[in-house]
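Asks: I'll drop the sequence and a predicted model, then ask my questions.
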Amino acid sequence: MSDQRSALVLGGGGITGIAWEIGLLTGLAEAGVDLTGADLVVGTSAGSVVGAQVTSGAELGELYRRQLEPPSSERAARMGRGALAAFAWAVLRSRGSDTAFRRRMGALALRAEAAGVTPPEQERLDVIGSRLVSREWPGRALTVTAVDAATGEFRTFDRYSGVPLVHAVAASCAVPGVYPPVTIDGRRYVDGGMRSAANADLASGYERVVVLAPIARGAGPMASVDAQVSGMVARVAVVSPDPAARRAIGRNVLDPAARRPSAEAGRAQASTVAGEVAAAWSG
């Protein structure tokens, strides 16, 4: 690594997004481009899991092997038609107001929880905790994103925020209508992807930025990755799933059965993007 400051941005994308990102990071490291030593790691939703793992010192090879294991007892989840309709309606009603959109999605999450649609909060915390290699914040710079369900306020958590790592990651992964909001300091938080699938603008000011974005596009008030990196005075590389990876991921990004093919596709894709990533990272 040079003296220039580097940032790795890991976007959201469900269980398959975790697998694809780990596969891609593994393949890039095998190609001589190791991104895990970034000065800053930004994690949103799925990316918060991967970010917590790699900054905690876990070996990529071991993380990759975990993605190849047969699905455990964790059930496949999906956003139901009602939640999808509510999402679309929130987008339409909130044009020009990203905070209003996030408040509506927070309200959706709270209603789903009250109706018993989502699993209990502690059950979800246990699932997230089982995915992490450490429950303690790493000594390195890791930023985890979330959204206040009541106010729509965008929040970031790090090791100085006084928030347990498991709670921060679970909040960042709390897809409205699928998983319950997470309680932090008496407030309820939902998925940081409700602002942006990657929140790549948090890497502004860094000189070398690589964004791994299972979902790069925006939707309504949610900014796209391209929009967030377009004004950066930095060397930037954005990598999203290629056609083979999209086929491996399939239609349900919350299906554990798609974890292995997604990881394998990410690792295979690394060879085709290593040059582009290397140019941004160390060129």
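Replies: Received it, and whenever you're ready, just let me know what you need. Numbering: from 1, shown residues only.

Asks: which other residues reach stretch 123-142?
Replies: With contacts defined as C-beta atoms under 8 Å, 6 or more residues apart in numbering, stretch 123-142 is touched by 18, 39-41, 43, 49, 51-53, 55-58, 63, 74, 118, 158-159, 164-167, 169-170, 173-174, 179-180, 182. (Each C-beta comes from the backbone N, C-alpha and C, glycine too.)

Asks: Sort out for me which of those residues are in strands.
Replies: Leu40, Val41, Gly43, Val182 (DSSP state E).

Asks: tell me which of the residues you listed is nearest to Pro70?
Replies: Gly43 (25.9 Å; C-beta to C-beta).

Asks: Report how many residues lie close to the nearest residue to the closest one once chain neighbours are set aside.
Replies: Closest residue to Gly43 apart from its sequence neighbours, by C-beta to C-beta, 6 or more residues apart in numbering: Gly51 at 3.0 Å. Using other C-beta atoms under 10 Å, the number of residues around Gly51 comes to 28.

Asks: what do you get for the one 5 residues further on?
Replies: Under the neighbour criterion other C-beta under 10 Å, Ser56 is assigned a count of 18.

Asks: how about it, what does it touch?
Replies: By C-beta under 8 Å, 6+ apart, the neighbours of Ser56 are Leu132, Val133, Ser134, Glu136, Pro138.

Asks: again, only this time at 6 Å
Replies: Val133, Ser134, Pro138 (C-beta atoms under 6 Å, 6 or more residues apart in numbering).

Asks: what's the pLDDT at Arg81?
Replies: In this model, Arg81 is scored at 64, pLDDT.

Asks: returning to that earlier point: isn't the residue nearest to Gly43 right up against Leu8?
Replies: No: look at Gly51 against Leu8 with C-beta atoms under 6 Å: they stay out of range, at 7.8 Å.

Asks: what residues do these two have in common as contacts?
Replies: By C-beta under 6 Å, 6+ apart, the residues touching both Gly51 and Leu8 are Val41.

Asks: related to what we said a few turns ago, now neighbour count, pLDDT and distance to Tyr189 too, for the contacts of Ser56, in JSON lines please.
Replies: Below are the contacts of Ser56 laid out as JSON lines (neighbours: other C-beta atoms under 10 Å; pLDDT from 0 to 100; distance: C-beta to C-beta, whole Å):
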{"residue": "Val133", "neighbour count": "16", "pLDDT": "93", "distance to Tyr189": "23"}
{"residue": "Ser134", "neighbour count": "14", "pLDDT": "95", "distance to Tyr189": "21"}
{"residue": "Pro138", "neighbour count": "19", "pLDDT": "97", "distance to Tyr189": "20"}
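
Asks: from the contacts of stretch 123-142, which ones fall inside helices?
Replies: Ile18, Val49, Gly51, Ala52, Gln53, Thr55, Leu63, Leu165, Val166, His167, Val169, Ala170 (DSSP state H).

Asks: before we move on, the earlier item: in a markdown table: the ones in strands among the contacts of stretch 123-142, plus distance to Ser230, neighbour count and pLDDT.
Replies: Below are the ones in strands among the contacts of stretch 123-142 laid out as a markdown table (distance: C-beta to C-beta, whole Å; neighbours: other C-beta atoms under 10 Å; pLDDT from 0 to 100):
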| residue | distance to Ser230 | neighbour count | pLDDT |
| --- | --- | --- | --- |
| Leu40 | 19 | 21 | 97 |
| Val41 | 22 | 27 | 98 |
| Gly43 | 22 | 33 | 98 |
| Val182 | 32 | 27 | 98 |
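
Asks: of all those residues, which comes closest to Gly205?
Replies: Proximity of these to Gly205, judged by C-beta to C-beta, is greatest for Leu40, which lies at 9.4 Å.

Asks: Report the contact partners of the residue nearest to Gly43.
Replies: Taking C-beta under 6 Å, 6+ apart, we find Gly51 in contact with Leu10, Val41, Gly43, Leu142.

Asks: On the three-state scheme, the last one is what?
Replies: When states are read from DSSP: H, G, I helix; E, B strand; the rest coil, the local structure at Leu142 comes out as strand.

Asks: Out of the helices and strands in the chain, which is least certain?
Replies: Ranked by mean pLDDT, DSSP states H and E, the weakest helix or strand in the chain is helix 81-93, scoring a mean of 61.
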